[in-house]
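S.K.: Give me the fold of what follows.
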Amino acid sequence: MSQAVSPATGRRYGMAQVARVWHLSRATVYRHRVAASAEPPPCPARRGPLGACSDAELLEHIRAQILGSRLHGEGYRKIWARLRHAGIRTSARRVRRLMRQHGLLAPHRVGR
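M.R.: Numbers count the residues shown, from 1 in each chain. Okay, the predicted model is just below:
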């Protein structure tokens, strides 16, 4: 709107006049102008250090531990303990997150 030309004077209206007519502060107009023209923010990613191996690599280790087990369903705690015993240091929360995302968690009992 501030780039529009007045038919009477042939000059641009200006940001101050546009903000006054719209009953907004100029800071609000500038903030919305920048937000509309900027790229959308990247999707949120996990912060912090990644650890000894990437998620894909750790997932392969988890699958190998599950396939090597003689039981058909084991929880993340046993898998995490077996990974530590195998020399792969990671957090239990990361093991649980990966197992949940890929449908590898042990089946739960259904209540009555």
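S.K.: switch to C-alpha atoms for all contacts and neighbour counts from now on
M.R.: OK.
S.K.: Sketch out the low-pLDDT regions of this structure for me.
M.R.: For the chain, the stretches with pLDDT under 70 are 1-2, 35-41, 46.
S.K.: could you say what helices and strands the lengthiest helix in the chain packs with?
M.R.: Ranked by residue count under DSSP state H, the longest helix found in the chain is helix 55-68. Helices and strands touching helix 55-68, by 3 or more Cα pairs under 8 Å, 6 or more residues apart in numbering; DSSP states H and E, are helix 76-85, helix 92-101.
S.K.: Tabulate those in TSV, adding columns for mean neighbour count.
M.R.: What follows is the helices and strands packed on helix 55-68, written out as TSV (neighbours: other Cα atoms under 10 Å):
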stretch	mean neighbour count
helix 76-85	17
helix 92-101	15
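S.K.: export those to CSV and tack on distance to residue 56?
M.R.: Listed next are the helices and strands packed on helix 55-68 as CSV, based on distance: least, Cα to Cα, whole Å:
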stretch, distance to residue 56
helix 76-85, 15
helix 92-101, 9
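S.K.: ok, residue 62 to residue 22 distance?
M.R.: As judged by Cα to Cα, to the nearest Å, residue 62 and residue 22 stand 59 Å apart.
S.K.: whoops, I mixed them up, residue 72
M.R.: In terms of Cα to Cα, residue 72 sits 66 Å off from residue 22.
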